[in-house]
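K.L.:
Mind folding the following:
(one chain, ligands or ions: 2)
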Amino acid sequence: MKKTGAWLAVYALEQIGVKHTFGIPGVHNTELYDELNKSEKITPVLVTHEGCGAFMADAISRTSDMGDTIGCLAIVPAAGMTHAMSGIGEAYLDGVPMLVISGGIRRDSGRHYQLHEIDQQRILEGITKAAFLVRTHDEVIPTIYRAYEIATSGEPGPAFVELSGDVQLFSGEVSGLPAYQREWKPPAVDREQISDAADLIKSAKKTGVYAGWGAREATAEAIELAELLGAPVATTLQGLSVFPANHPLHAGMGFGPSAVPAARRAFEGCDCLIAVGVRFAELATGSYGMTIPENLIHIDINPQVFNKNYPARVAIEADASNALRVLIDELKQTGVRPAGGTQVKQTIKSEKDAFFRSWTEKTNESRVSPGIFFRELRARLDDDAYVVVDDGNHTFLAAELFPVLQSKHFISPTDFNCMGYCVPATVGVKLTHPDKQVVGIVGDGGFLMTGLEIITAARLGLGAIFCVFNDGELAQISQLQTVPLNRKTCTVLGELKVDGIATATGAAYLRMQNDLGAGTVLDEALQISRGGRPVIVDVNVDYSRKSEFTKGIVKVNLGRFPFDQKLRFIGRAIKRHVLG
Ligand SMILES: Cc1ncc(C[n+]2csc(CCOP(=O)(O)OP(=O)(O)O)c2C)c(N)n1
Ligand SMILES: [Mg+2]
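P.N.:
Ligands and ions are numbered 1, 2, ... in the order given. Purely as a prediction, here's the structure:
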């Protein structure tokens, strides 16, 4: 049988459930785009920038079930690939599956210095799980299957496949069209380790649960475990959605000095921690400020994460839900009876109430208070609405003030921490979940990076809502500069006329001036979005109060500086605040 590489690639992508590809056509992938255009299962989506395409693909993977679909790129080599790298890097550090298909130069022509000629595999080595070059027709389907298997196995991540130009363009003999068969299975849960973990839990005075993105499919088990032990539950930032914020044992993001008061208090006295689907990275731990008990039970699918920042008493390499299931059964069988957790629940409730009250008790008539914004947003959104954030001060305010109710319904660029993620990711989520409410929350700085991608939402009739927290600054950094340096070097953006971007992209534009208008503006935004038109909400946000996260990391980092450096920093801060 004779087929072109482009045909074979699209056949393989269809078999593994790809529904959309993102990218920009060029001379190296026009055949691929022509085949995608013919496909009844896949829709190729034009983007304004491949970095945006990669964020869209990432968002599709994050909000879809594994095995259902995967975010996929179809890009030109070199220029398209390097543009896409921001999103590929985000997927790599955040453990998100992604398939990147790139055209390639002709390998049969013997010519040098071809257009877009670059060693893509070498460049991508550090930010993909695997990077392949396909040189023959027979390799096309198996290579795409292999890349998909790698991207979705263990801790997921991006995998890259370059189809060399000649293979893509020309027809060639293939021996058959194999079907995709999944080979990878998670390792079996080690019963002895589970029994050790159960012993630690039973002899502990107080156990806490710390859940991350790796536990995104283990919400039911995490709830059952927490209820069985009466244990408080904290999450990471990326895993914020993993445990429902309206559960009485949900404490907050993290539990160290950078956490909200409910989480700090609820974890006081914890002498045992069940950490599941986390790796104790810098951001999630508030710059490693959390005190982790010696009795650490660490469950993760990726064994590389064990004993890196905190030594584990028991390290269990397993799928999160499988391991928790076996652990729950073991605890029950060995006599653990459901604990009420009454004290912990009371602490969480009273601290949460006081915290929310402190953010909402005053009505601000000149700007929008984050507390009021998130309260009004939560009141209007369905439980299964999706919220997408960017990176900035708004991220931590959202994490502290917006209760997320369902797993995988809050997504954030976390360990690669790339500004510009929110707008394209919001478009990607709305494309893949058109019947759900989808709201992006982005700082004005991040909005300047990728805001024009809203044109894609307008073209596709996607009623996503983009709330721009417009403060004129790169606030997350300017706040960190202000205390020690009393300067805002390169963090003042100036005034951004957000309505101009609405005009340019075809989105509706609404201004939220102050607390009094917050509810009505959100109502109007939801109303317009239901008609399939994107809406930009220009939020005149009040950033005068810092997040708990920001306050916490300043304290933690300064506290750890060597004594002489600490003195230098404090001395300089005092001098600058006194003398200017
Ligand atoms: C691509 C990229 N560049 C720089 C940074 C460093 N950075 C982290 S947060 C932030 C400020 C973001 O400003 P804005 O988007 O306005 O959000 P705000 O903090 O004001 O809510 C910056 C510059 C980053 N994370 N990513
Ligand atoms: Mg800003």
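K.L.:
OK, contacts around the residue in the stretch 151-300 of the chain that ligand 1 sits nearest to?
P.N.:
Closest approach between the stretch 151-300 of the chain and ligand 1, counting by CB to the nearest ligand atom: residue 283, at 10.5 Å. Where C-beta positions appear, they are placed from N, C-alpha and C, glycine not excepted. Neighbouring residues of residue 283 by CB atoms under 8 Å, 6 or more residues apart in numbering: 236-237, 414-415, 417.
K.L.:
of these, closest to ligand 2?
P.N.:
Distances from ligand 2 to those, taken as CB to the ion, are shortest for residue 417 (15.2 Å).
K.L.:
Assign the closest one to helix, strand or coil.
P.N.:
With DSSP: H, G, I helix; E, B strand; the rest coil as the basis, residue 417 sits in coil.
K.L.:
Ramachandran angles for residue 531?
P.N.:
phi -80, psi 0 (degrees, to the nearest 10).
K.L.:
And for residue 472?
P.N.:
Residue torsions, per degrees, to the nearest 10, at residue 472 are phi 80, psi 10.
K.L.:
Grab the nearest non-local neighbour of it.
P.N.:
Counting by CB to CB, 6 or more residues apart in numbering, residue 472 lies nearest to residue 493, which is 5.5 Å off, once chain neighbours are set aside.
K.L.:
So that neighbour is in contact with residue 443, correct?
P.N.:
No - Residue 493 is beyond contact range of residue 443, at 9.2 Å (criterion: CB atoms under 8 Å).
K.L.:
Spit out the residues that contact these two alike.
P.N.:
Contacts common to residue 493 and residue 443, judged by CB under 8 Å, 6+ apart, are residue 474.
K.L.:
Between those two, point out the one with more neighbours.
P.N.:
residue 443 (28 against 18; other CB atoms under 10 Å).
K.L.:
show me what contacts the more buried one?
P.N.:
Counted by CB under 8 Å, 6+ apart, residue 443 has contacts 390-394, 419, 468-469, 471, 474-476.
K.L.:
contacts with ligand 1 among those, please.
P.N.:
Of the residues in those, proximity to ligand 1 by CB under 6 Å from any ligand atom holds for 390-394, 419, 469, 471, 474-476.
K.L.:
Need the residue closest to the centroid of this structure.
P.N.:
residue 412 (3.4 Å; CA atoms, centre = their mean).
K.L.:
Skip the chain neighbours and tell me the closest residue to it.
P.N.:
residue 389 (4.7 Å).
K.L.:
and that neighbour, bridged to which residues?
P.N.:
residue 441 (DSSP bridges).
K.L.:
Would you agree residue 135 is in contact with residue 167?
P.N.:
Yes - at 6.6 Å, residue 135 counts as touching residue 167 under the criterion of CB under 8 Å.
K.L.:
Model confidence score at residue 66, please.
P.N.:
Residue 66 carries a pLDDT value of 88.
K.L.:
Determine the three-state secondary structure at it.
P.N.:
Assignment for residue 66 (three-state DSSP): coil.
K.L.:
How many residues are close by it?
P.N.:
Residue 66: 13 neighbours (other CB under 10 Å).
K.L.:
Can you name the residue of the protein nearest ligand 1?
P.N.:
Counting by CB to the nearest ligand atom, the chain gets nearest ligand 1 through residue 443, at 1.9 Å.
K.L.:
Give me the nearest residue to that residue, chain neighbours excluded.
P.N.:
Residue 443 sits nearest to residue 392 (CB to CB, 6+ apart), 3.7 Å away.
K.L.:
Local confidence estimate at the one you found?
P.N.:
So residue 392 comes in at 98 (pLDDT).
K.L.:
re earlier: out of the ones next to ligand 1 among the contacts of residue 443, who's nearest residue 487?
P.N.:
Minimum distance to residue 487 across the ones next to ligand 1 among the contacts of residue 443 is 13.1 Å, recorded for residue 474 (CB to CB).
K.L.:
Where does residue 569 fall, secondary structure wise?
P.N.:
According to DSSP states H and E, residue 569 maps onto helix 563-579.
K.L.:
Could you list the buried residues of that helix?
P.N.:
569, 573 (16 or more other CB atoms under 10 Å).
K.L.:
Other residues contacting the strand or helix carrying residue 44?
P.N.:
In this structure, residue 44 sits in strand 43-46 according to DSSP H and E. If you take CB under 8 Å, 6+ apart as the criterion, strand 43-46 is touched by 19-25, 33, 36-37, 53, 56, 74, 431, 456, 460.
K.L.:
Separate out the buried members of the residues you listed.
P.N.:
19-25, 33, 36, 53, 56, 74, 431, 456, 460.
K.L.:
Quick check: residues of the protein near ligand 2?
P.N.:
Residues of the chain lying near ligand 2 by CB under 5 Å from the ion: 443-445, 471, 473, 475.
K.L.:
Most neighbours of all those residues, which one?
P.N.:
Ranking the residues of the chain next to ligand 2 using other CB under 10 Å puts residue 443 first, with 28 neighbours.
K.L.:
what sits in contact with each of residue 135 and residue 167?
P.N.:
Joint contacts of residue 135 and residue 167 (CB under 8 Å, 6+ apart) are residue 107.
K.L.:
The two: which has the busier surroundings?
P.N.:
Applying other CB under 10 Å to residue 135 and residue 167 shows that residue 167 carries more neighbours, namely 27 against 18.
K.L.:
residue contacts, that one?
P.N.:
Residue 167 neighbours (CB under 8 Å, 6+ apart): 5, 107, 134-137, 140.
K.L.:
Kindly report the same for residue 496.
P.N.:
Per CB under 8 Å, 6+ apart, neighbours of residue 496: 444, 447-448, 468, 470, 472.
K.L.:
Test for you: state the pLDDT assigned to it.
P.N.:
95.
K.L.:
And it, how close does it get to residue 370?
P.N.:
19 Å (CB to CB, to the nearest Å).
K.L.:
Kindly state the pLDDT recorded for the residue in the chain that ligand 2 sits nearest to?
P.N.:
Residue of the chain nearest ligand 2, by CB to the ion: residue 443 (3.8 Å). You'll see residue 443 listed with a pLDDT of 98.
K.L.:
ditto for residue 340
P.N.:
84.
K.L.:
Can you verify it is assigned to a strand?
P.N.:
No - per three-state DSSP, residue 340 lies outside any strand segment and is coil.
K.L.:
neighbours of it, just the number please.
P.N.:
9.
K.L.:
Find the nearest non-adjacent residue to it, please.
P.N.:
Nearest one to residue 340, counting by CB to CB, 6+ apart, is residue 230 at 5.6 Å.
K.L.:
so how far is residue 266 from that neighbour?
P.N.:
11 Å.
K.L.:
These two: who's more crowded?
P.N.:
residue 266 (31 against 17).
K.L.:
who touches the more buried one in this structure?
P.N.:
Contacts of residue 266 (CB under 8 Å, 6+ apart): 208, 232, 234, 251, 255, 344, 347-348, 351.
K.L.:
hang on, isn't the residue nearest to the centre of the chain packed against residue 237?
P.N.:
Yes - using CB under 8 Å, residue 412 is in contact with residue 237, at 5.9 Å.
K.L.:
Overlap in contacts, the two.
P.N.:
395, 399.
K.L.:
Can you mark which positions in stretch 425-436 are buried?
P.N.:
425-433.
K.L.:
Name the residues that touch it?
P.N.:
Contacts to stretch 425-436, defined as CB under 8 Å, 6+ apart, come from residues 19-20, 22, 45, 52, 55-60, 63-64, 69, 71, 382, 384-386, 388, 411, 413, 438-440, 453-454, 456-457, 460, 462-464, 466.
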